[in-house]
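**Q** Just a sequence and a predicted model for now, questions to come.
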Amino acid sequence: MAVAAGARQHRVRHEDGFDCESRMRAEDHPSGRNTGEARTEPGPQDVHGDLQSTTEILRVLDATSDGILVVDAAGRIVTCNRRFADMWQIPDDVLATRDGARTIAAMRRLLAAPEAFLEKVRQLHDQPESESFDSFALVDGRTFERLSRPWRAGERVTGRAWSFRDVTALRRSEEKLHAGESYFRSLTERSRDLVAIIGMDGVIRYASPSHESVLGYRPEQLVGTDARAFVHPDDVPNLPLLFSGGPDAIPSFEFRFRHHDGSCRTLETVGTNLADRPDVDGLVLNSRDTTARRRAELRTQTLLAIADDIAGHVDLDAILARVQQRALEALPADAIAVICEDPQLGRMRVVAHQGLPPDLVPSLTDVTFPKGELPEATRAKQGETVAIADLDMRAWVLEGGDAEYTTGSLLLAPFDAWSRHFGILVAIAFGRGRGFDDDQAALCTGIARQVALAMEATELYRAQAEEARVASAHARFGHDLIAHVHEPHFLDRLCESTATVLDCQLSSTLLRQHNDGCFSVIAGYGFSTAEAELATLLEIPTERMAGLLARLANDEVSVFETIPDSVMASREKQRFGVSAALCMALRRGGKIVGVQVALRSDPRRPFSPVELRIARDIAQSASLAISHAQLVGELEQANRVRAEFVATVSHELRTPLNIILGYGDLLLTDTFGPLADEQRSTLERMDRRARELLELVNSTLEVSRLERGRVPIDI
């Protein structure tokens, strides 16, 4: 048998019990280390070569961590080491047969994918010159690497050497390392937090992919740029402290970073100064976008401040002034306006504002419109906060006004509380491109709801105060009526109470006369004695009262903001300083029997709705009191007539009765001669009846005297 140059041929008995003939040479292992691969073939029993050297080589093979198998061209086992048998758990009796097929069958039971393994063996058998290196899995979870190279005798391929290495621990370590790398890569690349490495010169060296979703910049747009160029100018002076500190953790701090769209985002940042590490040589910063949180905090602080401003206050004008100031501080707005319904006009108009430029104040404050006239206001009335960007406002700017105010953005938030709508809060930002975002709209909505609750509370307080004032006035007026209704000057007291309750300077009572239907002044308050006496002599024809009576026919009260000359001459109005009159109908049944008049001299104080309610109560109470007084007078007159009638009748009856009784006594005493029994009986009956009638007349007179308080005392 020929032996290749540089190789040695020998025969040795292996520890497995069979003899073999070996030729050994060194070849490079793909892993980079130098290993001796042996190609062995069975041969004669004589041993050629250095037996001691061969034995050492076989010991080395057994000591290696790889399992080595050498087969000949026919697939029979030439040699293998103990590591191979242990790795594959092959029984010694199978190896002793040197049968490659039985050995592969023993190996197959451990393979997770035996067909792929065998296919590779067949492929290499068909291509003797080929080399192979791969890995495969076993059913017990282990992973082996497989190296296969042709075994040569000189230039001729005489078999194949297989090397198996258990890389299970290595693969598991690699998998753990890969998993850890993937985990931290996911944290860095998929997290919303911003991770950046900034050199001590301020240049960005690394930016995590999250910068694009948070700040709008791709990482490559930031790397190589100076980080300070993106920081808000007001926050730049605080940055040198970052670069001047030693290697240590960087305390949390906040700054504003310019977004790609030009807006600013508030970032909360922590980090570590790793300038002392050559592989980093800079600051490792971890930042989080806290813009939404800061806005939420601002919204909460603003709403709490507004709630504090509103609490305990019932003056709506003061509340609106405070709220507008808070809104200007919290919103990027130049002006704030409040639009509410004017109860006197019944239309919407600007009732309060702050920050409006002089060019806009006259036009905006003078404009009134019905509810729902503007589409934007309509939507706001339905409970929706509306943002309008770049609105043309030239129609509201005075001619020649500042062009800066011809365009602006509006934010309209409704004053809604429960199911009621009180008006609209309007925030105005002048100029183009200054629209309001969703967070600002939410803040404006919160402010408007707070104000709406304040408006509702103020309205409730005002209603309760009005009810209290009306009840107090009604009670006071009723007390005066009850206390003085039977006094001779009751109507004068009525006029005084009317003037006091309505806070007027003059008051008078006009009643219709029964004889000619004219109206006469029968009582007054605030006039001098001479004026009061002169007024009682005046008679006002019904024709001159026709207009007033027509108005009072539909309502209990009627207000004259300007008193017609037909009612009071200009000279008299100037004399008494009267500017407005409040007339109240005095009724008896459904008929107007008089008018109660209250006169006010202050033109700046028109009669309020509360005073009109009080006046209606006065009209009803005064009508009842006057009707009662008239009824009492009529009853007293009837009593006087009855008393006179009773006195007259009694006198006329007593005179003839006394005569009848006197003549009867004469007859019964036989003054005119004796009487027959029948005559005497008749006269006695007549005398009894006459005396009974006299007693009845006397009793009637006594009752009349009792009613008049004139009871005689008999001594």
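**A** Now that the structure is in, tell me what you want to look at.
**Q** can you tell me which residue is nearest the centre of this protein?
**A** Centroid-nearest residue in the chain, with CA atoms, centre = their mean: G446, separated by 4.6 Å.
**Q** wait, that one sits on L298?
**A** No: contact criterion CB atoms under 8 Å: G446 and L298 do not qualify, at 11.0 Å. All C-beta atoms are positioned from the backbone trio N, CA, C, and that covers glycine.
**Q** picking up where we left off before, just give the nearest non-adjacent residue to the residue nearest to the centre of the chain, would you?
**A** Using CB to CB, 6 or more residues apart in numbering and skipping residues adjacent in sequence, the residue nearest G446 is L303, 5.1 Å away.
**Q** give me the number of residues near L69?
**A** Neighbouring residues of L69 were enumerated by other CB atoms under 10 Å; the total is 23.
**Q** Against which helices or strands is the host helix or strand of S650 packed?
**A** Taking DSSP states H and E as the criterion, S650 maps to helix 609-668. In this structure, helix 609-668 makes packing contacts with helix 438-484, helix 490-501, strand 506-512, strand 557-560, strand 580-588, strand 591-600, helix 677-708, judged by 3 or more CB pairs under 8 Å, 6 or more residues apart in numbering; DSSP states H and E.
**Q** Confirm that F164 sits in a helix.
**A** No: using DSSP: H, G, I helix; E, B strand; the rest coil, the assignment for F164 is strand, not a helix.
**Q** thinking again about what came up before, per-residue pLDDT, the residue nearest to G446?
**A** pLDDT for L303: 85.
**Q** picking that back up, report the inter-axis angle for the helix holding S650 versus helix 438-484.
**A** Relative orientation of helix 609-668 and helix 438-484, computed by axes from the mean of the first three to the mean of the last three CA atoms, to 10 degrees: 20 degrees.
**Q** and helix 609-668, average pLDDT?
**A** The model assigns helix 609-668 a mean pLDDT of 81.
**Q** Where does the prediction get shaky in this protein?
**A** The chain contains residues with pLDDT under 70 at 1-58, 184-190, 240-247, 371-382, 395-403, 419, 485, 515-516, 562-577, 707-715.
**Q** Domain boundaries for it, per the record?
**A** Following automatic domain parsing, the chain resolves into domains at 8-163, 191-289, 295-462, 487-625.
**Q** Turn the ones you listed into JSON lines, columns for distance to D665.
**A** Formatted as JSON lines, the domains of the chain follow (distance: least, CB to CB, whole Å):
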{"stretch": "domain 8-163", "distance to D665": "158"}
{"stretch": "domain 191-289", "distance to D665": "129"}
{"stretch": "domain 295-462", "distance to D665": "87"}
{"stretch": "domain 487-625", "distance to D665": "51"}
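**Q** and L675, what is it in contact with?
**A** L667, L668, L683 (CB atoms under 8 Å, 6 or more residues apart in numbering).
**Q** Take those and write them to CSV, including distance to D334 and neighbour count.
**A** Compiled in CSV, the contacts of L675 are given as follows (distance: CB to CB, whole Å; neighbours: other CB atoms under 10 Å):
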residue, distance to D334, neighbour count
L667, 123, 18
L668, 122, 15
L683, 121, 16
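**Q** For Q464, the count of nearby residues, please.
**A** Q464, neighbours per other CB under 10 Å, totals 10.
**Q** measure it to D617 for me?
**A** 17 Å (CB to CB, to the nearest Å).
**Q** And G423, by the same measure?
**A** According to CB to CB, G423 and D617 sit 32 Å apart.
**Q** about what we covered before: select, out of the domains of the chain, the one closest to S650.
**A** Taking CB to CB, domain 487-625 is the member of the domains of the chain nearest to S650, at 30.8 Å.
**Q** Would you verify that P603 is located in a strand?
**A** No: counting by three-state DSSP, P603 falls outside a strand, being coil.
**Q** Contact partners for it?
**A** P603 makes contact with S579, A580, according to CB under 8 Å, 6+ apart.
**Q** Would you mind measuring from it to A580?
**A** 7 Å.
**Q** Could you pull out the buried residues of stretch 265-285?
**A** 265-269, 271, 273-275, 280, 282-285 (16 or more other CB atoms under 10 Å).
**Q** contacting residues around stretch 225-234?
**A** With CB under 8 Å, 6+ apart, stretch 225-234 has contacts from A196, I198, G202, V203, I204, V236, L239, F255, R256, F257, R258, C264.
**Q** swap in stretch 509-517?
**A** Against stretch 509-517 from outside (CB under 8 Å, 6+ apart): 491, 494-495, 518-524, 539-540, 542, 586, 592-597, 622, 626.
**Q** in it, what counts as buried?
**A** T509, L510, L511, R512.
**Q** those helices in the stretch 151-300 of the chain, which residues are they?
**A** Applying DSSP state H, counting those that start in this stretch to the stretch 151-300 of the chain gives helices spanning 168-190, 210-215, 219-222, 240-244, 291-310.
**Q** Columns mean neighbour count and distance to D437 on top of those helices, output as JSON lines?
**A** Formatted as JSON lines, the helices of the stretch 151-300 of the chain follow (neighbours: other CB atoms under 10 Å; distance: least, CB to CB, whole Å):
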{"stretch": "helix 168-190", "mean neighbour count": "11", "distance to D437": "26"}
{"stretch": "helix 210-215", "mean neighbour count": "19", "distance to D437": "16"}
{"stretch": "helix 219-222", "mean neighbour count": "15", "distance to D437": "24"}
{"stretch": "helix 240-244", "mean neighbour count": "13", "distance to D437": "30"}
{"stretch": "helix 291-310", "mean neighbour count": "15", "distance to D437": "9"}
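**Q** Please convert these to CSV, extending it with distance to G633.
**A** Shown next, in CSV, are these (distance: least, CB to CB, whole Å):
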stretch, distance to G633
helix 168-190, 100
helix 210-215, 93
helix 219-222, 102
helix 240-244, 98
helix 291-310, 57
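**Q** Could you name the stretch from the ones you listed that's closest to L111?
**A** Counting by CB to CB, L111 lies closest to helix 168-190 out of the helices of the stretch 151-300 of the chain; the figure is 14.5 Å.
**Q** returning to what we had before: closest one to E129 among the helices and strands packed on helix 609-668?
**A** helix 438-484 (72.3 Å).
**Q** tally of neighbours for V501?
**A** Neighbours around V501, by other CB under 10 Å: 23.
**Q** which residues sit in contact with it?
**A** A473, R476, F477, I614, I618.
**Q** so how far is L552 from it?
**A** V501 is 19 Å from L552, by CB to CB.
**Q** V121 contacts I104, doesn't it?
**A** Yes: judged on CB under 8 Å, V121 makes contact with I104 at a distance of 7.1 Å.
**Q** if we can go back for a sec, redo the buried residues of stretch 265-285 as JSON lines? Include distance to G383.
**A** Below are these laid out as JSON lines (distance: CB to CB, whole Å):
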{"residue": "R265", "distance to G383": "31"}
{"residue": "T266", "distance to G383": "31"}
{"residue": "L267", "distance to G383": "36"}
{"residue": "E268", "distance to G383": "35"}
{"residue": "T269", "distance to G383": "40"}
{"residue": "G271", "distance to G383": "46"}
{"residue": "N273", "distance to G383": "53"}
{"residue": "L274", "distance to G383": "55"}
{"residue": "A275", "distance to G383": "57"}
{"residue": "V280", "distance to G383": "55"}
{"residue": "G282", "distance to G383": "53"}
{"residue": "L283", "distance to G383": "50"}
{"residue": "V284", "distance to G383": "49"}
{"residue": "L285", "distance to G383": "44"}
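**Q** Alright, calling it a day.
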